[in-house]
Structures are given as structure tokens and as C-alpha cells.
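**Q** What shape does this take:
(one chain, ligands or ions: 1)
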Amino acid sequence: MQKLFEGIFSEENKVYTKNLLPGKRVYGERLVKVNGTEYREWDAFRSKYCAALKSGLTKSIFFNGATVLYLGSAEGTTVSHVSDIIGEEGAVFCVDISEIAMKKLAALAEERQNLFPIISDAQLTANYKEYFEKKADCMFQDISQRNQADIFVRNAVLLKKGGLGAIAIKTKSISQAKEKLEVVSDEIKILEKEFEILQVVNLEPFEKHHYLVLVKKK
Ligand SMILES: C[S@@+](CC[C@H](N)C(=O)[O-])C[C@H]1O[C@@H](n2cnc3c(N)ncnc32)[C@H](O)[C@@H]1O
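**A** The predicted model follows:
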């Protein structure tokens, strides 16, 4: 296993995290044991963050012990790998509007005690700002709405100054008429209100019409 970033490993072009709960799978992923340590394979076709890692992301936003704000957690596929990376000392506050998805995430949070599910519209930061006694170290968003960058900017208030963030932008949800890069460029203009742009990663072939924008809070 080669270390790709803190808590993220690779071998033969596959990406892995160390399993926080050895022996347990979350979404049917492959488990691999190397020198007594169990790793979970991270599927780039099911996780935009993993797709970005495989497409040349230059910096990872997650680290051991981090407090994470995760917007659009769904059932917890990617969240489970973030949970592996941040470890027992970290916390992921997982926001999603879907009660059905959050039921599954709540079951996952019973096993993985560094996950904290919050059922809310991510546009309504007032609903969950009370959970952040101290601001988040990093912030991730994967929400396919028309106003994706706007939602991310609204949540910037919960991220510490200098904290890293990443937003997966689905261009098709914003406009089907405009060129993909034109859509991304418009979203970046909105993000620049609160963030310095560090990198833009095209997620094809793993995810069509998706880009990941890596940012730093101003
Ligand atoms: C593509 S899925 C997220 C997948 C997840 N990030 C993963 O990799 O495992 C998008 C999620 O965004 C949620 N969502 C859509 N609009 C939202 C909103 N306004 N606030 C919070 N969640 C929202 C949906 O319910 C859905 O679960």
C-alpha cells in the first residue's frame, strides 16, 4: 500500500482507506488485509471525492481528528470513507434533506460513532449551526441543485478561516444549454465571494457532467 494522502492509500490503481470497523462492509466494497491491517476499497464510480483522487486532486481536505461538515451525505457511501480517514477523534456532521437516506445513515452512525446525521435542507444553516461550538476544519458538498455554489457559500460561515473545502458541481443540474466549463466558471464566480480557488478537477470518466472544485476559506 502506498500513502496517497493522510488516511488514503493506493495499490495497483485502486484507492483504499483503513477500515475503522474491521470485518464490516458499508456498501458491498472489497476488504483487503495487508500486514494485519484491513483496508476498504473506495469505488470511484460511486464517490465523487474518490473520482477526484483518481483524476489528479493535488490536496486532500480530510485528516485524522478533523471536524467535517458534509453536505449531501445521502446513505453514507463516501461519508463512510471520510469516517475511516478522520478516525475516532474526528467528527462528520452529515446534512441531508432526504429522510429515507438519513434513516440508513442513522444506522451507520450507530456503528461508526464519529458520524452525526442531521436531517435538514443545507440552505438553512441556522438549523444546524448550534452543533458547531468550534468551526469545521473542512467542508464537502455533493448536492445536485441549481444553486450548488450558493448553498456552499451559505455554509462557509461554519468553516474556519483557512479551512479546505471541496464541492462536486453537477453542471447538468444548473444548465443544459450552456457549455459545461461555462457553468463551472459561473459557479466559481459565486464561490470566490468566500473562497480562494485551488484546483478544478474534471471527474469524467467516473462521473459525467461533474467537476470537483477544491477551495480554501478566505
Ligand atoms: C448525489 S447524492 C450524495 C451522494 C453522497 N455524497 C455519496 O457520495 O455517498 C445527493 C444528495 O443530496 C441531497 N440533497 C439534495 N438537495 C439537498 C438540500 N437542499 N439539502 C440537503 N441535501 C440535499 C439528496 O437528498 C441526496 O441524498
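
**Q** Okay, and the beta partners of the most centrally placed residue in the chain?
**A** Nearest to the geometric centre of the chain sits Phe140, at 4.2 Å (Cα atoms, centre = their mean). Taking DSSP bridges, one obtains Tyr70, Ala166 as the residues bridged to Phe140.

**Q** Leu164 is in contact with that one, correct?
**A** No - at 9.4 Å, Phe140 and Leu164 do not qualify as touching, with contact defined as Cβ atoms under 8 Å. For the C-beta atoms, the positions are set from N, CA and C on the backbone; glycine is no exception.

**Q** Quick check: closest non-adjacent residue to Val79.
**A** Taking Cβ to Cβ, 6 or more residues apart in numbering as the measure, Val79 lies nearest to Ser73, with 4.9 Å between them; neighbours along the chain are not counted.

**Q** quick one: the worst-scoring helix or strand of the chain on mean pLDDT to chain centroid distance?
**A** Comparing every helix and strand of the chain by mean pLDDT, DSSP states H and E singles out helix 171-174 as the least confident one, with a mean of 91. Helix 171-174 has its average C-alpha position 19 Å from the chain's average C-alpha position, going by Cα atoms, centre = their mean, to the nearest Å.

**Q** pLDDT value on the residue nearest to Gly72 when sequence neighbours are not counted, please?
**A** Leaving out its chain neighbours, the residue that sits closest to Gly72 by Cβ to Cβ, 6+ apart is Ile143, at 3.8 Å. Confidence per residue is given as pLDDT, and for Ile143 that number is 97.

**Q** Next, Ile143: phi, psi?
**A** Ile143 adopts backbone torsions of phi -130, psi 120, taken as degrees, to the nearest 10.

**Q** cool, and Leu108?
**A** Geometry field for Leu108 lists phi and psi as phi -70, psi -40, criterion degrees, to the nearest 10.
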